[in-house]
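**Q** Next input, structure requested:
(3 chains)
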Amino acid sequence: MANGFLIALVIGLPWLGALIVWRTGDTRPERQHRLAAGFSLAAALAALLLLTAPGDSPALTLALGGLFGDFTFIPDGLGVLLAAIATVVGSLAVIFSMDYMRGEAALGRYYALVLFFIGAMAGLVLSGSLLAMFFFWEITALCSYALISFNNDDPKAVAGGIKALLITSLGGVGLLIGALVAYAYTGSYQIADLLAGTEAIPPDVLSLIAFGFLLAAAAKSAQFPFHSWLPGAMEAPTPISALIHAATMVNAGVYLLARFYPAFAEVPGWTTAVVAVGLISALMAAAMALVAQDLKRALAYSTISQLGYMVYAVGVGGVFASQFHLLSHAVFKALLFLGAGAVIHAVGTRDMRQMGGLGRRMPFVRNAFVIGALALAGIPVLNGFWSKELVLEAGLAGGPGWAFAGMLVGAGLTALYTFRMVWLVFYGEPRAALHAHDATPAMRFSLGALAIGALLTWLLAGPLGHLFEATLPHHELHVLSTGELVAEIIGAPGTWLALAVVAAGLALWWWRERFRWLAAMLEPLGRAAEQDFGFEWLNARIAGATIGSAEALRTTQTGLLSWNVAGIVGGLIVVLAVLLLAWGA
Amino acid sequence: MEVWLVLLLGGALLCALQAIRAQRLLASAIWLAAVSALVAIALYLIGAPQVAVIELSVGAGLVTVLFVFAISIAGEDAMTLPAAVPRPLAIALVILSAGLLGWMTLPALGITPPLAESSFAQMLWQERGLDVLVQVVLIFAGVIGVLGLLGEARAARTQVVPGPLPEKDGAAHQQEVHP
Amino acid sequence: MSASALHILVLGTLALIGVGLYGLLAVRNLIKVIVALQIMVKGALLALVMAGAAAGQPNLGQSLAATVIVADTVVAVVGLALAVQVRRHVGTLDVRALSSLKK
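**A** Okay, the predicted model is just below:
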């Protein structure tokens, strides 16, 4: 089948490219740049072609025998959309890197890991087998870790990478448990069998699977209470932050929830838990973004907050709304990160307090960044406006009122922190004598492409809806064309309410001098937000307890072969005794 | 046949004990070869002639040669030091685990009349093809191990003795080493 | 095969495995550790062929035993190569000397 071949290309081309770039060697950086860009662009092309040939049955099957089941790959709407995002944003990030990473050491490692990640991300969203999905899920976590710690002589980068690896691996355990339990009851690793066969699974077991997957999704998408790895991940080179920690890997959690929503929607408490996770993440992260001083950290908190919107959308049943917002967010957040990367590359600091007035000296970056910021704030007619309104509308229709109210407040906070960020970086008076230059050609290409995307991707809403409807048999979607969608959004009272809240956020920033009293009132909250609401403290305690117990157990490790064997024999005796007792009973 | 089995297995047990108790490594290796040979004969008696032949040639032959070779490189290095694990504890652990295993298996023993079955060669080459594949990988690892042994034999002859490290206060005590 | 022969074989197997285990626990010379391992494997070999015969599938038991012989030989080879390397780098075959990674 033609689309099977395309799937093999989408996954295989970046992996092949990774090997070739790695083998090229760091003595020929120019060739590495060009090879990486070429392979990622080819994969993006294959993914875009795949968009035209979707299907709802396995297009590519790797038979792995009875134990593991077949690894199938299905080009359905959800899969091809995310694969296209991964490869297109991936290739733009690689092109941006050509200038951003120029002159850096270990380029082979960098590009090989990026390409390895792009292929794995496409595999993750296209695979139709839970086991294959887990396999790709862990590869993305591994690449994320290795790229966060890319500057491996910087202790902060290494610590951030390990934190990300630990937390996302914890989520991976949830996914694995869910997959194995599902296999135990349905006898198949195929996702379609799980979606179709939920009646065969006892309610308790189904809720175990559902909450296991929620754990996996929350850890991967940096949602409450596992959000604290994402700000630490900002030690990665900025194109990596744009690609992995804004546009693709962090979406895997939302994708997982959306993919399995039809199976778990009936599990008692599950949708409420999903809504609560989304709401808490959205509000908490928005508050932290409001007080962050580091440009990339502010963007990271904003990512957590926007992912919260998507999770919330899945929780209230708006699967399409969540995926549409995912598309918008991937585009405008990648744009914001790459713009931030251009700024950081030019001025050499990430501290927003030292920036200011940069807009005059780098007008191209400013224009691109402002387009992304307006989309993030939800200003018409950018893509972020339409998708956020769609999410809120889904929340009003299918979710509890308190969550909707919280999300409205979140929209206002989003506008507030976005304008603060833009103002601190690009406007006002320069606060420090920073050397700045505008973006270089490769950077301009990526920024320009993403800015055009932020202006236009909302036009895809109709075709995407039909794509989803045609290829996702288990999801109940009500689909509108782009025109109908626009009319509905404009006609809905919720839209005007949300716009009013956004305008209030803007006004709050514009007349911030007059609202000093409000800022003073919220001072304690701001301080708590700066302290990460105590989660850093909690993480440190958990890590400390783990390391302490490991140190204590270390005394049992004599390192002597005989004692090791004694331990093994002791274990054997215990197993035999348990077996005997079980037989006797 | 029972008498023969008792004699063979009893002999194998004695040889095994000797292999563990022997002070000299070479003696230990020879006792091991004896265990292998006796077990091979027992295997032949209970109707496994092919495996018996393989065991006799590989277990008693090849492995013993390897042992002798390795011992000749590594040296005897006889040790009369006490064991790391206290002897009573070791014996207790062994008796406990073997006893539990015996207690579980002995009452459950039974004999099924022979089923229709493919021949040994068919079984090995066709029905267990994956295992054979894995064995090829294993043999490859074994070859690398042998290369390690042989490389050791060569390296031992051309070994360079490193001189003492130069001291910090000067080169006064430094020695020139001429291998 | 008679039932009494089966019992003798099981006992012989257990005895060989027990002696091998004792060797692993008590011996400090690395090469003798490999000898002890070999003794255990002889017991396992006997057990496999015996189980095959008792279950009426002697050829299955035999083919598994053949696999075990190959694996066991490779273990011996790699183990001996390791022992020789240890002797060269550490200067002794005492397993206690191998715990230097600790500390």
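**Q** For the rest of this, base every contact and every neighbour count on C-alpha atoms.
**A** Fine.
**Q** ok, now which ones touch the closest residue to chain C within chain B?
**A** Closest to chain C within chain B is residue B:114: 3.7 Å, counting by Cα to the nearest Cα. Going by Cα atoms under 8 Å, 6 or more residues apart in numbering or on different chains, residue B:114 touches C:53, C:55-58.
**Q** any chance you could map the helices in chain B?
**A** Along chain B, counting by DSSP state H, helices occupy B:2-21, B:25-45, B:49-54, B:63-74, B:87-105, B:120-122, B:129-157.
**Q** sorry, back to before: next, find the distance separating the residue of chain B closest to chain C from chain A.
**A** From residue B:114 across to chain A, the span is 28 Å (Cα to the nearest Cα, to the nearest Å).
**Q** got it, and residue C:85?
**A** Residue C:85 is 17 Å from chain A, by Cα to the nearest Cα.
**Q** Low-confidence bits of chain B, can you list those?
**A** For chain B, applying pLDDT under 70 flags the ranges B:77-82, B:149, B:152-179.
**Q** Map the structural domains onto the sequence of it.
**A** B:1-78, B:122-156 (automatic domain parsing).
**Q** Stretch A:104-111: which residues count as buried?
**A** A:106-111 (16 or more other Cα atoms under 10 Å in any protein chain shown).
**Q** Can you tell me which of the residues you listed lies closest to residue A:514?
**A** residue A:110 (48.1 Å; Cα to Cα).
**Q** contacting residues around the closest one?
**A** With Cα under 8 Å, 6+ apart, residue A:110 has these contacts: A:147, A:150.
**Q** can you redo the domains of chain B as CSV with mean neighbour count and distance to chain C?
**A** Formatted as CSV, those follow (neighbours: other Cα atoms under 10 Å in any protein chain shown; distance: least, Cα to the nearest Cα, whole Å):
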stretch, mean neighbour count, distance to chain C
domain B:1-78, 20, 5
domain B:122-156, 16, 5
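**Q** Quick one: low-confidence residue ranges for chain A.
**A** In chain A (pLDDT under 70), the answer is A:1, A:65-66, A:433-434, A:584-585.
**Q** Centre-most residue in it?
**A** Centroid-nearest residue in chain A: residue A:250, 1.5 Å away (criterion: Cα atoms, centre = their mean).
**Q** gap between that one and chain B?
**A** Counting by Cα to the nearest Cα, the gap from residue A:250 to chain B is 39 Å.
**Q** ok, now residue A:77?
**A** 38 Å.
**Q** do the same with residue A:510
**A** For residue A:510, the distance to chain B - Cα to the nearest Cα - is 68 Å.
**Q** what sits against that residue?
**A** By Cα under 8 Å, 6+ apart, residue A:510 has no neighbours at all.
**Q** Could you chop chain A up by domain?
**A** A:1-266, A:269-510, A:513-541.
**Q** I'd like to know which of these lies nearest to residue C:2.
**A** From the domains of chain A, taking Cα to Cα, the stretch that ends up closest is domain A:1-266, at 37.3 Å.
**Q** How far off centre is that closest one?
**A** Relative to its parent chain, domain A:1-266 has a centroid offset of 10 Å by Cα atoms, centre = their mean, to the nearest Å.
**Q** And for stretch A:505-519?
**A** The answer for stretch A:505-519 is 32 Å, by Cα atoms, centre = their mean.
**Q** Name the nearest residue to the residue nearest to the spatial centre of chain B, ignoring sequence neighbours.
**A** With distances taken as Cα atoms, centre = their mean, residue B:63 lies nearest the centre of chain B, 7.2 Å away. Excluding the flanking residues, the one nearest residue B:63 by Cα to Cα, 6 or more residues apart in numbering or on different chains is residue C:73, at 6.6 Å.
**Q** Cheers, nothing more for now.
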